Every structure is written in C-alpha cells, then in structure tokens.
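Peer 1: Please work out how this folds:
(chains A and B)
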Amino acid sequence: MAQRLNRDQIFERVVEILSDSFELEPSNIKLESTLYEDLDLDSIDAVDIFVQLRDITGRRPDPEKAKQIRTVDELVGFVESELDAAERGDPEPETQMPT
Amino acid sequence: MKADYDVIVCGGGLAGLTLAYQLRQELPDASVAVVERQKRPLPEAAHKVGESSVELASHYFGEVLGLRPYLLDNHLKKNGLRFICGNTQGPLEERPEIGPSEFPIVPSYQLDRGKLENDLRAMIEEKGATLLEGRSVQDIELAESDDAPHVVKTSGGDLTCRWVVDATGRLRILQKKLGHRRPSPNKSSSVWFRVRERVLVGELVPQEKAEWHQRDVDDVRWLSTVHLMGKGYWVWLIPLSTGYTSIGIVCHDEHQPFPTYNTKEKALKWLAENEPLVHERIEGLELEDFCMMPNYSYLTDRFASPQRWTCVGEAAAFVDPLYSLGSDFISMSNSYTTRLVGDYLRGALDGEVLEELNQIYCRLAEDAARTLSNNGRIFPHGDLMGAKLWWDFFNYWSFMCAHFFQGIWKQDAATLKKFRAMQARYYQLNSRAQTLLETWAELKSTAFGGPKGFVGLPSFPSTLADAHLELKEMRSVDETFAKMERDLVIGQELVTEILAHALRDLGSEGAAELGRRIGLSKDWDLPIGGERFEIDALPRRQRVDALPRIARDMERALGRVNGDKPLAELLDLALAAAASAPTMPQPTA
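Peer 2: The predicted structure is shown next:
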C-alpha cells in the first residue's frame, strides 16, 4: 500500500479533482468554499466527484454521508474518515441501484 | 408431405443447439433433428472461441431460452466490456481505461463453450429433439417443388425434412451453393489460444499503484472482457469458469499483416513487441489450442428463403469479435427462424414477412460491419475510442437490442416494414458517425489522445446508462417505435457532440480538412444550426445548463479540449471547406 495521505495532501488531491473536472481556478478552491454555491456545482458533479474519490479511498461511499457534504472542508474530512474506515477494515455500504 | 423430420438443423454448434432448444420449446409439435459431426464429450475450456456474450445474446440465452439459472450456476457473470487504450509500451496504469465501474444491471456472461455445448446437447435431447452425433453433413439438396421434402446428405445416409437450417458455421454449405456470400468491408485476421491459469489484467499493474487498483472497489475488473487496444489491433483477455484464460490477437490486415503473428512463436514475439506486459506475464506458459482465422469477416445477401431454408449463426454471416456480437447474430437468426418455421408449419408463412426479416437481418450485419471495419486508427486514442463506444453502444441498445428485446420480429409484414424504415435511418446516422470518427482519427496529430484515467461506460447517471437500464422495460410495438424515434434524436445530438469534440481537438487547420473529407453539410440530420455551437463559448456552468444532457455526458466521459478558435467558427470552416470541395458520395438510407 502507498503511504497514507495526510490532510494537506488530501486537500491538494481534492483541489486537483475539482479544478480538472469542472474548469475551476485552483486558487478559488478553499477549505471554506461551499460546493453548490461558491463553486457552482450540482448533483451530477457530486456523483462524478465521489466516483473519482474512490481512487483515493478504495471504497464505495455511503450515499447518506455523501449527501450531507456541503463544503470542501467536509469533503476532505469525508476522505479522511473513509481512509480510517479502510484501515479498520469496516464493511462497505451495499451497492445501490444507480438511479 | 412425407419427411423424416419437420426441421433438420445441419450442425450442432452453439447456433444449431440453441435453435433446436428454441424450436422444441416454442413448437412442441415439431420434430427436430440436429446432425453433428463431433461426438461427446467435448473438451471443456478448449472447445471453441467465442466466450463473451453481450446484452442481446444474454437476453436470448437467459430469458428467451430461460437458461438464466443454468448460466449463473455454471458460467461466469461478465462485467461488461473494458477497453484499455493509450501507449502500449508504457505502464498500463497510465493508459486510459474505458469500462463499467460496477457490475452492469442488465446481465451478460462469459461462456465456456465446451461445457455449454456439452450441456446443451443433453438439454435438447431432454426437450425431445433428435441428436445425430458422429454424422457429418455432406450436402443439402433443396426440394424442387413446394410439396417435396429437402434431402440432407450425411455420412450416415440421407434424411428428409420440410424445413432445413444450415448451422454448419464457416462451412456455409447453402451460402456457397446458392451464391449468397458477400464480402465484408472488414479485412481483419485473428489468432487465439488458452493458458491454463487466470491471467488477470490487475497483474499487469504493480500492487503499489494503489489508485489504479482502488478504482475497482469490488475487485471485479477481471470479470470483464478486457481489450488492450493498439493502432490497428487489439488483444483480448477473457476469464473462463474452468480457470483458464482465453487470449486472442485481432489485427486489421492493413496495419499488421497476418504472417507476422500466425504461429505460436510469432504470436509470442508479436506480443513482446506490441503488448510487452502481456508477453511478460504469460512467458513460459504453455499456449494451448492455438487457433487462427485469417480474413474472418463475411456477409450475406440472404439468410432466409421462401424455399424453406434459413442459415443461422456463422453459416450466414460473421462480422467481427470486437463487441462480442457473434452470439447476438445467433440469437437473431435463431429467433427469426423459429418464427418462420412456426408460421410455415401452421400453414401461415407470409412471404412478405420472410422478406422483411431477411432484409432486416442482412442490414443489421452490414451495419455492424460498417461499425467494426476501418477503425484501427481510432483504437490507441482514449478520447476517440470513448466517443466511438458511447455512440456504438447507444446505437446498439437503441435499435438492434430494442427490436429484439421487444419482439418486433414477431410482428406482421406492415409493422416490420415500418421498423425496417426506422432501421435505415439509424443506418444512415451510423454511417456518418463512423466516417466522422475514422476521419478524426486520420487527422489527429497526437499519438495518444484523450483523458488519462478511467471513463465509465456508462457513467451514472447519464443518457447512456438510461438507454441500458431501459432495455429491461417491456413496451408495446407503438411505444417501441416512439422510443426509437426519440432515441434517434438523442443519437443525432450525440453525433453532433462527437463532431464538436473533433472540431475543437483538431483546431482550425484540421477542422477544414475534416469538413472536406466527410462532406459535412447543413443538410445532414444533425442539430448543428442555430445557437447550439455558440453556447460552447460560455463558461462551464452556463454551457452545461444550456446544452442537451448528452452534451454534458460526453464532456464528462471524454474530457474537454478547447479549440484554437470558438467552436462556431470551427464549424463554419468545416462547412465552407466541404461546400467548396467536390461532392462526396453520401450514405443512402
């Protein structure tokens, strides 16, 4: 396994994903930025973000938890908690029918 | 009419056996015999190539024949088709990967042909068909009048029947005898073999490349048919339920001549040069059952005749293995045959119905050949291949799958005629889409285009994902037709998006040349007029909100390259260049 990412590194990766996928200026993406207002993303963008985060977490995100996330800071925190869960070997949520 | 059997099926391969099963199931009063040269038991894992099935054939095997429980217990559930493009000499984790991110909802299977055909032989006997093993078909003598039986000449004597089916595979007895063989535009060849262990695509990427491995959260990537794509060729990796792996090399003759890979030694050397990671993985393993098929593609101008015969599976046509369509064509020719034989035995065979089905079938094969030939330049590019896969899958699910899943082939002649006209519209659009993709590939200045990383095929939620899920919904004939009409409009938007991606990617120089070579015109049924291409210059959020959903899907799938000029100007350059060039022959509907 690769070295576990720290919080700063996770933030860097999140900025990279957001700027590459959604034509955002990296300097405009801050921890306190809100996804849906400041960054002007929508629910389909959110799905694409979580698909890309699987490269980092190796886990299928829990849709209930994912829905609560409003800011970049919360997104970084979510990746951290997923990495913790992966280390503990927590079971993953059930596959959902894509809708 | 006195005859030994109502139907004789000449040849007991996958096509012949599943047809006998279907005939006995749907027409229990009909007597059916299958004449097959090879005796049981067939060798498992090493019997025949053609393991991978896609949606249409999976629907046929699983639902029409009702074999779903058997397939789930005895074969592998397949995780779709997976394509790995990019630089074949570099690390695999850096090559663009296009495929499903989770198990597809509409199932498909990896079949072990030896096991399946052994089991099917027992099943058709249970269903009451007569299996004449160890007898080869030497000739089929067609009756000279409507009230005389056909005579099937076999190594064990003559047999007579009211309806004869040629399922002799590439022998194509009737096609040869009656002059119905037609050449395919696809000039390609293939070799394949098996190794006695699992060769997993994940083994070609070092364990420490965690991101690549973690992308596949359920560890099911290996259950896909994996295609490693290079310029003018591709290599397949298919896992078999018996623990073997099927590996094949398919090359377009113009890019990679057959004599460079047509023996075990040469194939290994070819792999070392073209797909070194695969070569490294299998070096030292025994290549079992090395088989080859030069120039494998052919078409037909008649699969069914009012003279009471049909040809099924490869005895009619064979297009290309890229999308695993072989068993789809078995499914369609078998089902059409079952319908025609049923009509005939009831004294209700309508010559017009037969002719409509014949034309639909031949056109489907021709359309698939159009999709699967002359495309070798597309293979290395992740963006081009992504665009092609989005269109090809959408096209496949919208017409070919829909007509089959919804049982359109059971309808009367007038209805069939209406759907055949719809097919012609899809055919024309497909022809334009393929020309556009091929020409984009010819003009591309980079060796490997497209986004690195993973592209969902389909991604969720998207128009393509909907098209896939909607396959399972049953519709009336009218609803099916209306849906095909709506889907054609979405298809036109999809092709327009491919054009937009191509124009931006090629920039002002390439755009004019693209327009000239494809003969682009405002008369094409594409929504390229009005504001559509002006919107492209808007910031992402406004653009995404203003464009049709498919435009956004394509951008999510292929990424976005900005052109050196605004898209509307690039389009004008392409149209102007086409208008000043000599007229291109256009595909006819």
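Peer 1: What about residue 21, how many residues nearby?
Peer 2: Let's take chain A. Residues near residue A:21, counting by other Cβ atoms under 10 Å in any protein chain shown, number 18. Glycine gets a C-beta too; all of them are placed from N, C-alpha and C.
Peer 1: Not quite, go with chain B.
Peer 2: Count around residue B:21 with other Cβ under 10 Å applied: 24.
Peer 1: Likewise for residue B:2?
Peer 2: Using other Cβ under 10 Å: residue B:2 sits among 7 other residues.
Peer 1: how does chain B divide into domains?
Peer 2: Following automatic domain parsing, chain B resolves into domains at B:1-44+B:113-178+B:297-348, B:377-580.
Peer 1: which residue ranges form the helices in the stretch 351-500 of chain B?
Peer 2: B:351-371, B:382-395, B:402-405, B:413-443, B:463-469, B:477-518 (DSSP state H, counting those that start in this stretch).
Peer 1: For chain B, give me its nearest residue in chain A.
Peer 2: Among the residues of chain A, residue A:58 lies closest to chain B, at 3.3 Å counting by Cβ to the nearest Cβ.
Peer 1: roughly how far apart are the nearest residue to residue B:440 once chain neighbours are set aside and chain A?
Peer 2: For residue B:440, ignoring the flanking residues on the chain, the nearest one in space by Cβ to Cβ, 6 or more residues apart in numbering or on different chains is residue B:502 at 4.2 Å. Residue B:502 sits 20 Å away from chain A, going by Cβ to the nearest Cβ, to the nearest Å.
Peer 1: Repeat that for residue B:245.
Peer 2: Distance from residue B:245 to chain A, by Cβ to the nearest Cβ: 25 Å.
Peer 1: and if you look at residue B:220?
Peer 2: For residue B:220, the distance to chain A - Cβ to the nearest Cβ - is 11 Å.
Peer 1: Next, that residue: phi, psi?
Peer 2: Backbone dihedrals for residue B:220, given as degrees, to the nearest 10, come out at phi -120, psi 10.
Peer 1: Does the one helix or strand in chain A whose mean pLDDT sits lowest reach chain B?
Peer 2: Lowest mean confidence among the helices and strands of chain A (mean pLDDT, DSSP states H and E): helix A:63-68, at a mean of 88. No. With Cβ under 8 Å from any Cβ of the partner chain as the criterion, chain B is not reached by helix A:63-68; the gap is at least 11.9 Å.
Peer 1: tell me what that helix is packed against?
Peer 2: helix A:72-88 (3 or more Cβ pairs under 8 Å, 6 or more residues apart in numbering or on different chains; DSSP states H and E).
Peer 1: go again using 10 Å as the cut-off
Peer 2: helix A:43-57, helix A:72-88 (3 or more Cβ pairs under 10 Å, 6 or more residues apart in numbering or on different chains; DSSP states H and E).
Peer 1: What are the buried residues along the shortest one?
Peer 2: It refers to helix A:43-57. A:44-57 (16 or more other Cβ atoms under 10 Å in any protein chain shown).
Peer 1: Export the residues you listed as a markdown table, with columns for distance to residue B:212 and pLDDT.
Peer 2: Output for those, formatted as a markdown table (distance: Cβ to Cβ, whole Å; pLDDT from 0 to 100):
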| residue | distance to residue B:212 | pLDDT |
| --- | --- | --- |
| A:44 | 25 | 92 |
| A:45 | 23 | 94 |
| A:46 | 23 | 93 |
| A:47 | 21 | 90 |
| A:48 | 18 | 91 |
| A:49 | 19 | 93 |
| A:50 | 18 | 91 |
| A:51 | 14 | 88 |
| A:52 | 13 | 90 |
| A:53 | 15 | 92 |
| A:54 | 11 | 89 |
| A:55 | 8 | 88 |
| A:56 | 12 | 90 |
| A:57 | 14 | 90 |
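Peer 1: any chance of the helices of the stretch 351-500 of chain B in JSON lines, plus mean pLDDT?
Peer 2: Shown next, in JSON lines, are these (pLDDT from 0 to 100):
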{"stretch": "helix B:351-371", "mean pLDDT": "98"}
{"stretch": "helix B:382-395", "mean pLDDT": "96"}
{"stretch": "helix B:402-405", "mean pLDDT": "98"}
{"stretch": "helix B:413-443", "mean pLDDT": "98"}
{"stretch": "helix B:463-469", "mean pLDDT": "93"}
{"stretch": "helix B:477-518", "mean pLDDT": "97"}
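Peer 1: can you redo those as a markdown table with mean neighbour count?
Peer 2: Listed next are the helices of the stretch 351-500 of chain B as a markdown table, based on neighbours: other Cβ atoms under 10 Å in any protein chain shown:
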| stretch | mean neighbour count |
| --- | --- |
| helix B:351-371 | 21 |
| helix B:382-395 | 25 |
| helix B:402-405 | 23 |
| helix B:413-443 | 19 |
| helix B:463-469 | 21 |
| helix B:477-518 | 21 |
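Peer 1: export those to a markdown table and tack on distance to residue B:125?
Peer 2: A markdown table is the format used below for these (distance: least, Cβ to Cβ, whole Å):
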| stretch | distance to residue B:125 |
| --- | --- |
| helix B:351-371 | 29 |
| helix B:382-395 | 38 |
| helix B:402-405 | 27 |
| helix B:413-443 | 34 |
| helix B:463-469 | 36 |
| helix B:477-518 | 36 |
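Peer 1: Please list all residues in contact with residue 3.
Peer 2: Just so you know, I chose chain A. Contacts for residue A:3 (Cβ atoms under 10 Å, 6 or more residues apart in numbering or on different chains) come out as A:9, B:210.
Peer 1: right idea, wrong chain: chain B
Peer 2: B:31, B:143, B:148-151, B:159-163.
Peer 1: buried set for the helix or strand hosting residue B:267?
Peer 2: For residue B:267, the host element (DSSP states H and E) is helix B:264-274. For helix B:264-274, the neighbour count (16+ other Cβ under 10 Å) marks B:267-268, B:270-271, B:274 as buried.
Peer 1: filter those residues by proximity to chain A?
Peer 2: For chain A, no contacts are drawn from the buried residues of helix B:264-274 by Cβ under 10 Å from any Cβ of the partner chain.
Peer 1: Go through these and say which is closest to residue A:39.
Peer 2: Residue A:39 lies nearest to residue B:274 out of the buried residues of helix B:264-274, by Cβ to Cβ, at 43.5 Å.
Peer 1: Looking at that closest one now. What's its pLDDT?
Peer 2: Per-residue pLDDT puts residue B:274 at 97.
Peer 1: Could you tell me the phi and psi values at the residue nearest the centre of chain B?
Peer 2: The centre of chain B sits closest to residue B:325, judged by Cα atoms, centre = their mean, with a distance of 3.2 Å. When read as degrees, to the nearest 10, the backbone of residue B:325 gives phi -90, psi 0.
Peer 1: Please report how far it lies from chain A.
Peer 2: For residue B:325, the distance to chain A - Cβ to the nearest Cβ - is 25 Å.
Peer 1: Same check on residue B:578?
Peer 2: 31 Å.
Peer 1: any idea which element that residue lies in?
Peer 2: Short version, using DSSP H and E: residue B:578 is in helix B:567-580.
Peer 1: Name the nearest residue to residue 26, sequence neighbours excluded.
Peer 2: This is for chain A. Residue A:26's closest residue in space is residue A:19 (Cβ to Cβ, 6+ apart), at 4.6 Å.
Peer 1: Correction: the question concerned chain B.
Peer 2: residue B:338 (5.5 Å).
Peer 1: Kindly spell out which helices and strands sit in contact with the helix or strand that neighbour falls within.
Peer 2: Counting by DSSP H and E, the element that carries residue B:338 is helix B:326-345. Secondary-structure packing of helix B:326-345 (3+ Cβ pairs under 10 Å, 6+ apart): strand B:5-10, helix B:14-26, helix B:55-59, strand B:157-166, strand B:304-305, strand B:309-311, helix B:351-371, helix B:402-405.
Peer 1: possible to save those as JSON lines with distance to residue B:101?
Peer 2: Listed next are these as JSON lines, based on distance: least, Cβ to Cβ, whole Å:
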{"stretch": "strand B:5-10", "distance to residue B:101": "41"}
{"stretch": "helix B:14-26", "distance to residue B:101": "30"}
{"stretch": "helix B:55-59", "distance to residue B:101": "17"}
{"stretch": "strand B:157-166", "distance to residue B:101": "41"}
{"stretch": "strand B:304-305", "distance to residue B:101": "41"}
{"stretch": "strand B:309-311", "distance to residue B:101": "39"}
{"stretch": "helix B:351-371", "distance to residue B:101": "24"}
{"stretch": "helix B:402-405", "distance to residue B:101": "24"}
